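[1] Here is my input; please provide its structure:
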Amino acid sequence: MKRIFLTLILLLVMIVPIFSNLIFVDQVIPVSTPKFDSGDTAWMIVASVLVLLMTPGLAFFYGGLVGKNSVITTMLQSFLAMVVIAVLWLIVGYSLSFGPSIRGIIGDPTTHFFFQGVGIQSSWILSPTTPLIIFAVYQMMFAIITPALISGSFAERINLLPYILFIALFSLFVYAPIAHMTWHPDGFFFKLGVLDFAGGTVVHMSAGWAALAGAIYLGERKLHVSKAEQVPYVLLGTGILWIGWLGFNGGSALAANGLAAQAIANSVVAAAAGGFAWMFLDKIRGYEITAVETCLGILVGLVAITPASGYVSIEHAVSIGCIASIISYIIVSEFKIINDALDVFGCHALGGISGMLLTGVFANKAINPGITEPGLLFGGSTLIVNQIIAIVIVSAFSFAVSYLLFIIVNAISPIKVTEQQEIDGLDGNQFINK
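    Alright, predicted model coming up:
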């Protein structure tokens, strides 16, 4: 039965595009084609490449942290997200996230089915100077890396087929609604006035809370990850992530302009501040400075500046990186969730929450005149309340739905590997038939 189901999915993906001219109504070309800005378009193409690069970077980062007999499987999970989510985004994911709004919660899945109407003759309403297709592709990269982030929480513990099913369902039922509510002009959070420049809620909080759900659902680990086996991989992955993050945050300006430059500058210094704080905390507590711990601080700084990158000054970006790093350091060091193998919750959920809250404090109209309500530091009080509302809703929604998805997936195909497989490592077990 499973083989029949998989065959039908493969045939759907293969055959529908072949006969798309017969199945779908032809796209109506506007009477006057928009005049796109070549500089903006070029920047969005580059930013898309940079964000895609982050997922292989994540593969190296996670691969370096696990046991030597699970490196390939762990890295493959990131690449599987690239394969599966890209196809799913083309079919229905983009439409659910950015299609015409249904009650401010989700997009109409039929509007852009198989990317219908997504081409070079029109543009996204908030990005009028670039073709719609590059906006859709850019957003695809965000959809890809988000479920890949979750994989760190159940590293060395999950079978590949249930993993594929989970990330597909997560993308449809968790990621897409949060993306729509946050970034669509008719979305609930967008209309409420919530500020999330590049994905503090959409990417990091959704992934972090899903990771916690997975860690709790899978229960206690038989083999605890005690030290990184491939530290050079961790360093390489961190470097790639840091570079790619400049497109992640800078590209969210949707144009090659001063706001993109501000977001990039903020991202660089917040990452440095995060690593700086983490490193100093280790020394203050009498520990040696290590590569892995410093990389974790850098990562938290990047996570925290993500929602704020287009709204705050560079000085406040330093504060955001430091504050978020201190918070995550305390949680990861003193209250470690032992089943969350690679501290996905501590880095991404808590880093995202810190960034969202601090956006509500430091958002500055002098940096981004487009915001309607300044942060608490500049006399505004409404924004911080809106940020807290978004944090509470996204946290509860992502955790609850993700936990339910783990239950559903496990009923279809057992998620957990056997105790012996977990002890031996997954690389030999997952590829035994190859």
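[2] Now that G117 has come up, it's in contact with T111, right?
    Yes: in this structure G117 lies within contact range of T111 using CB atoms under 8 Å: 6.9 Å. C-beta coordinates here come from the backbone N, C-alpha and C atoms, glycine included.
[3] Burial check on E315, number of neighbours?
    Look at E315: counted by other CB atoms under 10 Å, it has 11 neighbours.
[4] what secondary structure does it sit in?
    helix (DSSP: H, G, I helix; E, B strand; the rest coil).
[5] packing partners for the helix or strand A136 falls within?
    Per DSSP states H and E: A136 is located in helix 132-150. Helices and strands touching helix 132-150, by 3 or more CB pairs under 8 Å, 6 or more residues apart in numbering; DSSP states H and E, are helix 38-65, helix 71-88, helix 94-98, helix 160-170, helix 176-183, helix 206-218.
[6] In CSV, list those along with mean pLDDT.
    As requested, the helices and strands packed on helix 132-150 are arranged in CSV below (pLDDT from 0 to 100):
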stretch, mean pLDDT
helix 38-65, 97
helix 71-88, 95
helix 94-98, 97
helix 160-170, 96
helix 176-183, 98
helix 206-218, 94
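[7] mind checking how far the helix holding A136 is from the chain centre?
    8 Å (CA atoms, centre = their mean, to the nearest Å).
[8] what angle sits between that helix and helix 206-218?
    Going by axes from the mean of the first three to the mean of the last three CA atoms, to 10 degrees, helix 132-150 is angled at 30 degrees with respect to helix 206-218.
[9] Flag the helix or strand of the chain with the lowest per-element mean pLDDT.
    helix 20-23 (a mean of 64; mean pLDDT, DSSP states H and E).
[10] What average pLDDT does stretch 244-256 get?
    The average pLDDT for stretch 244-256 rounds to 97.
[11] An error on my part: the question was meant for stretch 294-314.
    For stretch 294-314, the mean confidence score works out to 97.
[12] Can you give me the buried ones in that stretch?
    294-312 (16 or more other CB atoms under 10 Å).
[13] Against I298, how distant is L281?
    14 Å (CB to CB, to the nearest Å).
[14] typed the wrong thing, it's L195
    24 Å.
[15] Where does pLDDT dip in the stretch 301-434 of the chain?
    Scanning the stretch 301-434 of the chain for pLDDT under 70 picks out the ranges 336-338, 429-434.
[16] all strands of it, in order?
    With DSSP state E, counting those that start in this stretch, there are no strands along the stretch 301-434 of the chain.
[17] got the residue ranges for the helices in it?
    314-334, 344, 350-362, 382-412, 419-424, 426-430 (DSSP state H, counting those that start in this stretch).
[18] pLDDT averaged over stretch 193-204, what's the number?
    97.
[19] Quick check: buried residues in it?
    G193, V194, L195, D196, F197, A198, G199, G200, T201, V202, V203, H204.
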